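1. With the sequence up front, the predicted model follows.
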Amino acid sequence: MRHITDDERRARIATRHALAAESPARTPVDAATSVVALHATDAPSVYLSVWARSPGVTVAEIDAALYTDRTLVKQLAMRRTLFAFPRELLPAVLGSAAVRVATSEHSRMARDLERAGLASSGGDWLDRARAGVTAALSAGPDALSAAELRRAVPLIDVTVATTAGETWSAPQVLTLLGAEGVIVRGPSTGGFPTARPLWTLPDRWLGAPVERMEAADGYRELVRRWLRAFGPGTEDDIVWWLGATKGAVRLAIRQLGAVEVSLDGALRGWVLPDDLDTDDLDRGAGNAPWTALLPPLDPTVMGWKDRAFYLGPHGAQLFDSRGNAGNTVWSDGRVVGSWIQDAGAVVRVRFLEPVTPAVRESIDDQASRLTAWLGGVRSPTGYRSPAMRVQERECEHGSA
């Protein structure tokens, strides 16, 4: 059995995720493809994840990919998370991960409606909501905001209590319809770093309806892409990332002919059958020193369930209490620190372990380039790790 060490796994990150200087992404779509899709829950992270992988990219070029060329499309999918997918991947996503999320959300919301006494059949209520929203979008402007849809379809202007003591309202109805692929996030009324999406119909936004794959075919394509970008990984890694069942993952692994390998820590992982050699690493790109500044929820830091091989002892400092990653500083496939912007929008780095002068110089250069690229714009985030909070306090007291 082929053994793949943690060192090799970290070297693969450099080339597969377009983070090494020798193997950058040429376009925003290439950047997304290198990690399957970009996390889009935190709107600025899409831009910052592309910047980290595509030197010289501009905000305008990323905007064009999202809103003009529409080669990147935002879609709720794996683990009820919003991603910016390469457009070509939508048939696989909508037929598998997205429909799984939509089915779960539909059942939960239907039960909530019935418990709240708003409908004798929550499913029928959601059917009427779906019909009302699609009719409003068909008859009205090309795209409407959540507030405009709420006025156009009074049925969805509700507040529904849940058993967890929370509530949901019209935006959650639209989120469900988006997961179903009935509507799609279209143009944004806010520029970087904010996102205020309008909702529209898929055939209007994309020019034609999306032909969905069968669930097994869609899962197989997603697992294939994950193995290409993140492999080797364990079955648990894939199940977690995909938000699917072990049965779906095992079927995909079997259909792909994936090969089992041994990993450090007595783990067993999987790679694609043509990915056992290390030609791209042997050419030097994967072994050359590299550094990176990655934003909250970046796919590289969120890509595996078992993260010890790149987080080392720092995991608790880099993730919030809900398991969301904050900003991270990378050196040769390992996280060595975090970063924030200070009150003047200057990128400040905080190391979590000693680094060499060469690494520090490279990371300082990255910070200077990112500060210049942001051009005085502060990139707010709701995903602030413990390390980031410590650094923010240090900046407030002038000790950073």
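-> Sure thing, it's come through.
2. Arg378 and Gln341 touch, don't they?
-> Yes - taking Cβ atoms under 8 Å as the definition, Arg378 is a contact partner of Gln341 at 5.4 Å. Backbone N, C-alpha and C define where each C-beta goes, glycine included.
3. For the two, indicate the residue with more neighbours.
-> Regarding Arg378 and Gln341, a neighbour count based on other Cβ atoms under 10 Å identifies Gln341 as having more, with 22 against 15.
4. where's the more buried one relative to Val347, distance?
-> 6 Å (Cβ to Cβ, to the nearest Å).
5. Please apply the same query to Val93.
-> Per Cβ to Cβ, Val93 is found 33 Å from Val347.
6. Neighbour count: these two, which is higher?
-> Val93 (27 against 21).
7. In what element of secondary structure is that one found?
-> helix 90-95 (DSSP states H and E).
8. helices or strands next to that helix in the packing?
-> strand 72-77, helix 215-230 (3 or more Cβ pairs under 8 Å, 6 or more residues apart in numbering; DSSP states H and E).
9. CA atoms only for that helix - export them in CSV, please.
-> Provided in CSV are the C-alpha atoms of helix 90-95 (Å, rounded to 0.1, in the frame of the first residue of the first chain):
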residue,chain,number,x,y,z
LEU,A,90,-23.9,23.2,-11.0
PRO,A,91,-25.6,20.1,-12.6
ALA,A,92,-23.7,17.9,-10.2
VAL,A,93,-24.4,20.1,-7.2
LEU,A,94,-28.1,20.7,-7.8
GLY,A,95,-28.7,17.0,-8.2
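10. in the next helix or strand after it, what's buried?
-> Next along the chain after helix 90-95, taking DSSP H and E as the criterion, comes helix 97-115. Neighbour counts over helix 97-115 (16 or more other Cβ atoms under 10 Å) mark 97-102, 105-106, 108-110, 112-113 as buried.
11. cool, and stretch 182-192?
-> Per 16+ other Cβ under 10 Å, stretch 182-192 contains these buried residues: 182-188, 192.
12. close enough to count as contact, Ala161 and Ala116?
-> Yes - judged on Cβ under 8 Å, Ala161 makes contact with Ala116 at a distance of 5.7 Å.
13. Buried residues of stretch 316-329, list them for me.
-> Those buried within stretch 316-329 under the rule 16+ other Cβ under 10 Å are 317-320, 324-329.
14. likewise stretch 243-255?
-> 243-244, 248-249, 251-253.
15. Return the closest of the residues you listed with respect to Ser368.
-> Using Cβ to Cβ, Gly243 is the member of these that lies nearest Ser368, at 37.8 Å.
16. Now that closest one: closest residue in space, sequence neighbours ignored.
-> Leaving aside its sequence neighbours, Gly243 sits nearest to Arg79 (Cβ to Cβ, 6 or more residues apart in numbering; 4.0 Å).
17. Next, the contact list for the nearest residue to Trp304 once chain neighbours are set aside, please.
-> Leaving aside its sequence neighbours, Trp304 sits nearest to Asp237 (Cβ to Cβ, 6+ apart; 4.6 Å). By Cβ atoms under 8 Å, 6 or more residues apart in numbering, the contact list for Asp237 reads 230, 269, 303-306.
18. number of nearby residues for Ile156?
-> Ile156 has 25 neighbouring residues, counting by other Cβ under 10 Å.
19. For Trp373, see how far away it is.
-> The value you get for Ile156 to Trp373, if Cβ to Cβ is used, is 40 Å.
20. got the domain boundaries for this structure?
-> 97-206, 291-396 (automatic domain parsing).
21. quick one, what contacts the closest residue to Ser104 other than its chain neighbours?
-> Once flanking residues are discounted, Ser104 sits nearest to Arg80: 7.8 Å by Cβ to Cβ, 6+ apart. Going by Cβ under 8 Å, 6+ apart, Arg80 touches 101, 104-105, 179, 243.
22. In the protein, where is pLDDT below threshold?
-> 279-287, 399-400 (pLDDT under 70).
23. In it, which residue sits furthest out from the middle?
-> Within the chain, the residue lying farthest from the chain centre (Cα atoms, centre = their mean) is Ser120, at 36.9 Å.
24. coming back round to it: overlap in contacts, Gln341 and Val347.
-> Counting by Cβ under 8 Å, 6+ apart, the common neighbours of Gln341 and Val347 are 371, 374.
25. What's the biggest strand in this structure, counting residues?
-> strand 334-341 (DSSP state E).
26. how far does it sit from the chain's center?
-> 19 Å (Cα atoms, centre = their mean, to the nearest Å).
27. So which bits of stretch 199-209 are buried?
-> 199-202, 205-206.
28. picking up where we left off before, who's in contact with the residue nearest to Gly243?
-> So Arg79 contacts 101, 240-241, 243 (Cβ under 8 Å, 6+ apart).
29. that older thread, the residue nearest to Trp304 should be in a helix, yeah?
-> Yes - under DSSP: H, G, I helix; E, B strand; the rest coil, Asp237 falls within a helix.
30. gap between it and Leu267?
-> Going from Asp237 to Leu267 by Cβ to Cβ gives 9 Å.
31. Show me whatever sits in contact with both of these two.
-> With Cβ under 8 Å, 6+ apart, Asp237 and Leu267 have common neighbours Asp306.
32. Many thanks, we can stop here.
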